[in-house]
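Asks: I need the structure of the sequence given here:
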Amino acid sequence: MSHGKIREDKTCLNCGHTVEERFCPHCGQENTETKQPFHYLFTHFIEDFTHYDGQFWKTIKYLLFRPGKLTKEYLAGKRQTYVAPVKLYIFVSFITFFLPSLLSSSEEEQKTNDVYTLNTKEREQANKERVAKMLDSIGRENKNIKIPKETINDLKVSVVNNNDSRTDAVGETEDGKLTILGAKNMKQFDSLYIKSSDSRSIFDFMRPFAKKVFHFQEQGLNKEQIFDKFSETVVHTLPKALFIYLPVFAFFLWLFHNKKKWWFFDNGIFTLHYFSFLLLGILIIIFLSELLSLLPDYSIFNILSILISTIAIFYMFIYFFIAHHRVYENSRSISIIKGMSLFIINFFALLCMLLLLVYTSFRMMH
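Replies: Reported below is the predicted structural model:
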């Protein structure tokens, strides 16, 4: 508790009620002097932090390793020793949103930018050398021919666009560039769109992706760098999808259970705790992935990374069934049937929402 000096005046500064001891019985405010020594700022911070720290870590321990425990405790009225469900979800969601950006240092970003610039310069230099060789060859064979400047520029554009590469049906050229429906740039994409009168719907759907991919490749990004950007977009989109899906998930729970015994509020508490666990699991996977990426690129470390991610994903899968069985107290067989039905329905519904948000986020990605 705080050790601030208590006011001699027994009137609460917040609500005006009489304060017999340290805290106001009406509003709970501590009746301490408004002006305290400077060191009080630090001692007060430490006291508040350690108090929250104990509450927080107990909540996290139950959330991670005792599926359904927090929900049962909260619904039973034991709420003072745990972080409130809404506060917990907001906190974990906030950290999950910003952790990837915190882990990526400015040095890494600068290094990446340097690589992009280097790749662009190397391609430009290679194109210039090719054009120079072509012009020298033409000049030796036809010494009296003067080539206009516009023609030289056209040759440069032609070399940049073609780059002596073959278009693969699988979406990648020999030099590592991505293709969309066989096109290497938007000009080719539009040309294929005109020719493919029977399958224009797929071209309409893929157009935003094509624009982004070709835009990034023009900036010097390779296939791996584009996929990294896309993966980052998915990671940032998932918490948004979960937040939007919260009431939908609670609604499905409400449909599958006794509505007299389990109110929508109760299902909402279960949903908040379960989604907080999912976000925390995503957070841990991101952190471990970043940590393992710092290790040398040996097979043992790659296997370890895959193994940890697989175990974490499997635990996140079975966690729902354990928590559902403990909270709703159905028989094991009924709990498995309801849990599996809910899992399948919510999986496909959440997947559709996630794909929609990823599609929207990808279009706005820069």
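
Asks: so which residues of the stretch 251-366 of the chain form helices?
Replies: Remark: helices assigned in the stretch 251-366 of the chain by DSSP state H, counting those that start in this stretch are 264-293, 299-328, 332-364.

Asks: identify, out of those, the most deeply packed stretch.
Replies: Counting by mean count of other Cβ atoms under 10 Å, helix 264-293 has the highest mean neighbour count of the helices of the stretch 251-366 of the chain, with a mean of 19. To be clear about C-beta, it is placed using only N, CA and C from the backbone, and glycine gets the same treatment.

Asks: picking up where we left off before, nearest to residue 203, of the helices of the stretch 251-366 of the chain?
Replies: Judged by Cβ to Cβ, the one of the helices of the stretch 251-366 of the chain that comes nearest to residue 203 is helix 332-364, at 15.5 Å.

Asks: just checking, residue 75 touches residue 268?
Replies: No. In this structure, residue 75 is not within contact of residue 268 by Cβ atoms under 8 Å, at 10.8 Å.

Asks: leaving out chain neighbours, which residue sits closest to residue 5?
Replies: residue 33 (4.8 Å; Cβ to Cβ, 6 or more residues apart in numbering).

Asks: so where's the stretch 151-300 of the chain uncertain?
Replies: 151-176, 197-199, 235 (pLDDT under 70).

Asks: next up, phi/psi of residue 13, please.
Replies: phi -70, psi -20 (degrees, to the nearest 10).

Asks: correction: the previous question concerned residue 32.
Replies: On the backbone of residue 32 - angles per degrees, to the nearest 10 - the values are phi -100, psi 170.

Asks: OK, contacts around residue 237?
Replies: Going by Cβ atoms under 8 Å, 6 or more residues apart in numbering, residue 237 touches 354, 357-358, 361.

Asks: okay, and it sits in which element?
Replies: Residue 237 belongs to helix 223-256 when elements are defined using DSSP states H and E.

Asks: quick one, that helix and helix 264-293 angle?
Replies: Here the directions of helix 223-256 and helix 264-293 differ by 160 degrees (axes from the mean of the first three to the mean of the last three Cα atoms, to 10 degrees).
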